[in-house]
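A.B. asks: Need a 3D model of the following:
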Amino acid sequence: MAQYFAPLDDVFQALADPTRRAVLSRLGTGPATVSELARPFDMALPSFMKHIRLLEKSGWVRTRKVGRVRTCTIDETSFAAVDGWLAAQRDLWEGRADRLENFVTATQTQEKRS
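C.D. replies: I've put the predicted structure just below:
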């Protein structure tokens, strides 16, 4: 079971950092170079590249290098994985809430009859 969630672990780990979430938000508007993405952050480029590499490893971002310029784009595969996991969790918890509601309603009906 742990092996099943391993890709999701990387996906959610990438989202755990505000810098990486900001990068993904920016890439939501379209591709950008690493320099453009790094500009708003107060960190050295090698430190920023660690964030890009983690986003790449986790499947959120694809990069392409042409000459000396590395351009990043969002990879929608991770969005699908997260969406699928969240949908399954939503179904699970909605089912539990429905069963609890049915139990409470049945209990209240029984108490009124008594």
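A.B. asks: any idea of the mean pLDDT in stretch 8-16?
C.D. replies: Across stretch 8-16, pLDDT averages out at 87.
A.B. asks: quick check, distance from it to the centre of its chain.
C.D. replies: How far stretch 8-16 lies from its chain's middle: 6 Å, per CA atoms, centre = their mean, to the nearest Å.
A.B. asks: same check, this time on stretch 59-76
C.D. replies: The answer for stretch 59-76 is 18 Å, by CA atoms, centre = their mean.
A.B. asks: Residues contacting it, please?
C.D. replies: Identification of contacts with stretch 59-76 by CB atoms under 8 Å, 6 or more residues apart in numbering yields 7, 10-11, 14, 20, 23-24, 27-28, 31-35, 37, 52, 55-56, 77-78, 81. Just so you know, the C-beta spots here come from the backbone N, C-alpha and C atoms, and that holds for glycine as well.
A.B. asks: So for that stretch, what gets flagged as buried?
C.D. replies: Buried residues in stretch 59-76, counted by 16 or more other CB atoms under 10 Å: G59, W60, V61, T63, T71, C72, I74, D75.
A.B. asks: low pLDDT regions in the protein?
C.D. replies: For the chain, the stretches with pLDDT under 70 are 1-6.
A.B. asks: Looking at it, which helix is longest?
C.D. replies: helix 77-113 (DSSP state H).
A.B. asks: which helices and strands does it pack with?
C.D. replies: Packing partners of helix 77-113 (3 or more CB pairs under 8 Å, 6 or more residues apart in numbering; DSSP states H and E): helix 2-15.
A.B. asks: what angle do the helix or strand just after the helix it packs on and helix 77-113 make?
C.D. replies: Sequence order places helix 18-27 as the next helix or strand after helix 2-15, per DSSP states H and E. Using axes from the mean of the first three to the mean of the last three CA atoms, to 10 degrees, one finds that helix 18-27 and helix 77-113 are set 110 degrees apart in direction.
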